[in-house]
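J.: have a look at this fold, sequence not included:
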């Protein structure tokens, strides 16, 4: 059947054009139900026994949600409990136009076979299509179309009543008017909330209901706590006129009442401008990484970043407490140079995601409204509604703001739960690899084929070996060094050929690109690629043939590169050594086998290469890394020590750097518009202020005009009787640096790597654990004719978007690793009681000092203001910076002695607590603990 509509419209040229729209109607569209014998359907979706335990619907039934239910209650529809649902074409089209994210989620649900969601094309069915009536709004017409389709389904299924066991069709709506009209038509209809509350076996679903407008009005208290967010239209007008600025909101890690909004400059001056936000009212409910609109305050109200360490302890505060804490900020602000300061007037783009944390149960008995305190301190507390408070109390839960969604994770403090929390909080993809991804792995048993050998150079006779940390199974790189007949040396860096196994665009490639990097936690690894590749087929293990991508140089004994070539190869590593094993071989004069000779040759060249880099201005910075020794049964940490670096660490690093630089130059020469490179921007001069002040306090001068000047200053920095001073200075210099980032060569002009003093750099040497290296391998393979290209590889805009994701994943990975170290440090100190250790002041704040304990690579805060006791007389001087506590003045790098203990009074935010022992300040210092609790002897799993 054909329906047509004819109308005329005027063209730009003034003519008239006749338009005919044809709409085809059919009577052979299936209903999708198992009970139906009338529809000639090839397969069915809706079950015959569609039973859900409901106090309202005790009979089998199908659900038909209207558009508003889908838009606002998608969390409910996604739940495994909800199945046998009819999605009408009218609803699907409306959702598509009104919310792309919800539309995608709905399509995903429809594709899940076990959910049994059936799409019925009611707009093309002869009996369910309706015309829009004169004067009827599009919304009313669509509501009527939904009611007509529900009525047709009810009558259609009634035909088979003897087979259906009373099967009915239930319309779900949140619109009171639509509900009334449906009841007048004799339809079975309920509000979504009524139906969900009737599900006897699944009371937890009630917590996933989005609030109705009535509920929202009820929650709003009579007291207005925050200024109302401006509507988007006013925000856009304000940005256009220049009265508002748009930027990314970044909450402070040290101070929950302070944040910075980074506003991107326009035109030639594209540098970021920082707007400071202080105080709850001015923060105005913005969440870390939201895109916000800010209004600058009058210059007289500008303040300076506070030097106060202020952390929200997760307890409810009254107005006086809040005002007192905000007063601390204002006092600090008057003491220093002021910065542009503003207030958040509206949210342009929310960065809401699922947040992990714990429930602060309301003191009001039977209350369903409670405060949720996120684990991430930069996220404000969230008011949630739940009837499961007694169950959730003391547990780690996950809350999504946009959907009022709560997931149970496990008991707070439990190791598995805490690891899950830190992965979720840092957005680390850690779910098991899907079958779609695993389907692209090679079939086992796998072997190198004759076809593979024909395209590769056979380097198996070479004395190749790998040098890695102990326990490493994902071996990316191996090395060789041999003397040539002409007296020069041949050095090869051989990298796992991961791109041979991961082909562009398939599910395995997309998953690796999304994950971006392997994440190393304490005692656990979250792989970027499945274990079959990471620990087996790609890993360059000893005494097995492996595919590699080799970078081979001819080098003279002065470490000058004479020739460079790249080749796909097959290698057979002769040894998988740890750094310590390789070092012992080099040092043992009795050993002269081929592997040891190769290592000695590499080590000799590496020392020359490092000296040459440092002469060019490369920085040698410092950061304390710790290693935990785990109990072999419980996997709890039983020993903690800082990692020791050997000559072999530096040896491997030098050749990895050389390979990365050589490859970077090659792919840029071949593909100047789409090479994936890595740069390290020079820090702005203001970043070095704290370093210069700290050095000056010990009468040492530091020059920061260039990387070379800084490197020379650090090399010359010595203080008599203070051997650890140089290490401390290098640790502080590391904190001044900018983050290194990936970028596409066609989208940037500054390629320089400041830390390495190299004009160009990339990552080539770790493709098992970094996706950037896989892209670099593909570019290099195309450059040497070893592989074919594909469109996305040559698209600089897609490369740039990929770089953004890789930079994000890399940053989150670093944060997750630090969080893992912090958690295991807490576990370590949990059974140690109170320890006393020597440390150094790393930073001076207005109310505290930050202390570094070299023995444990641990940083902690010693606070001098406390609500529990009378605060001492404290004077903070920004210029020093120094902090006078009573009669004692603290400077950066001062030696102190502190107690270290675990404060687990707040189970959500357990922390290492430090208290001052020496210098002795009456009323401030604490006595040294008499005895230390002996640690239980346990089995070591090294």
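T.: Done, it's in. On a predicted model such as this, the values are computed, not experimentally measured, just so you know.
J.: wait, residue 554 touches residue 487, no?
T.: No: applying Cβ atoms under 8 Å, one finds residue 554 not in contact with residue 487, separated by 10.8 Å. All C-beta spots, glycine's among them, are computed from the backbone N, C-alpha and C.
J.: so these two - more neighbours on which side?
T.: Using other Cβ atoms under 10 Å as the criterion, residue 554 and residue 487 rank with residue 554 on top: 16 against 8.
J.: for the nearest residue to the more buried one once chain neighbours are set aside, helix, strand, or coil?
T.: Nearest residue to residue 554, sequence neighbours excluded (Cβ to Cβ, 6 or more residues apart in numbering): residue 563, at 4.2 Å. Secondary structure assignment for residue 563 (DSSP: H, G, I helix; E, B strand; the rest coil): strand.
J.: tell me the pLDDT at residue 563?
T.: pLDDT recorded at residue 563 is 95.
J.: same thing with residue 629?
T.: Here, the pLDDT recorded for residue 629 equals 62.
J.: so how far is residue 729 from the residue nearest to residue 554?
T.: Using Cβ to Cβ, to the nearest Å, we find residue 563 at a distance of 40 Å from residue 729.
J.: cool, residue 419 as well?
T.: As judged by Cβ to Cβ, residue 419 and residue 729 stand 35 Å apart.
J.: kindly report the same for residue 617.
T.: For residue 617, the distance to residue 729 - Cβ to Cβ - is 17 Å.
J.: more neighbours, these two?
T.: The neighbour comparison of residue 617 against residue 729 (other Cβ under 10 Å) goes to residue 729, with 25 against 18.
J.: which residues touch that one?
T.: 691, 694, 695, 700, 702, 714, 717 (Cβ atoms under 8 Å, 6 or more residues apart in numbering).
J.: and residue 567, how many neighbours does it have?
T.: 16.
J.: find the helix or strand that it is a member of.
T.: strand 561-572 (DSSP states H and E).
J.: OK, contacts around residue 393?
T.: 359, 361.
J.: select from the contacts of residue 729 the one having the most neighbours.
T.: Within those, neighbour counts (other Cβ under 10 Å) peak at residue 694, which reaches 25 neighbours.
J.: domain parsing for this protein?
T.: With domains defined by the TED database, the chain comprises 45-208, 232-309+336-349, 354-412, 436-680+740-816, 685-736, 833-918.
J.: can I get those in JSON lines with distance to residue 13?
T.: Shown next, in JSON lines, are those (distance: least, Cβ to Cβ, whole Å):
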{"stretch": "domain 45-208", "distance to residue 13": "30"}
{"stretch": "domain 232-309+336-349", "distance to residue 13": "34"}
{"stretch": "domain 354-412", "distance to residue 13": "48"}
{"stretch": "domain 436-680+740-816", "distance to residue 13": "37"}
{"stretch": "domain 685-736", "distance to residue 13": "61"}
{"stretch": "domain 833-918", "distance to residue 13": "69"}
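J.: could you point out which of these sits nearest residue 423?
T.: Among the domains of the chain, domain 436-680+740-816 comes nearest to residue 423, with 6.5 Å by Cβ to Cβ.
J.: now the end-to-end length of the closest one.
T.: One end of domain 436-680+740-816 sits 27 Å from the other (Cα to Cα, to the nearest Å).
J.: repeat that for stretch 423-439.
T.: From its first residue to its last, stretch 423-439 covers 26 Å (Cα to Cα).
J.: got a list of contacts for it?
T.: Stretch 423-439 is contacted from outside by 353-356, 375-376, 398, 409, 507-508, 511, 514-515, 519, 526, 530, 812-813, 815-816, 819, using Cβ under 8 Å, 6+ apart.
J.: list only buried entries from those residues.
T.: The neighbour-count test (16 or more other Cβ atoms under 10 Å) marks 354-356, 375-376, 398, 409, 508, 511, 515, 519, 526, 530, 812-813, 815-816, 819 as buried among the contacts of stretch 423-439.
J.: taking these one by one, which sit in helices?
T.: Members of these lying in helices (criterion: DSSP state H): 508, 511, 515, 812, 813, 815, 816, 819.
J.: helix, strand, or coil at the closest residue to residue 751 other than its chain neighbours?
T.: Closest residue to residue 751 apart from its sequence neighbours, by Cβ to Cβ, 6+ apart: residue 760 at 5.0 Å. When classified by three-state DSSP, residue 760 comes out as coil.
J.: so residue 651 touches residue 601, yeah?
T.: No: in this structure, residue 651 is not within contact of residue 601 by Cβ under 8 Å, at 10.2 Å.
J.: who has more neighbours out of those two?
T.: When residue 651 and residue 601 are compared for neighbours, residue 651 comes out ahead with 26 against 20, by other Cβ under 10 Å.
J.: who are the contact partners of the closest residue to that one other than its chain neighbours?
T.: Closest residue to residue 651 apart from its sequence neighbours, by Cβ to Cβ, 6+ apart: residue 606 at 4.2 Å. Neighbouring residues of residue 606 by Cβ under 8 Å, 6+ apart: 650, 651, 653, 654, 655.
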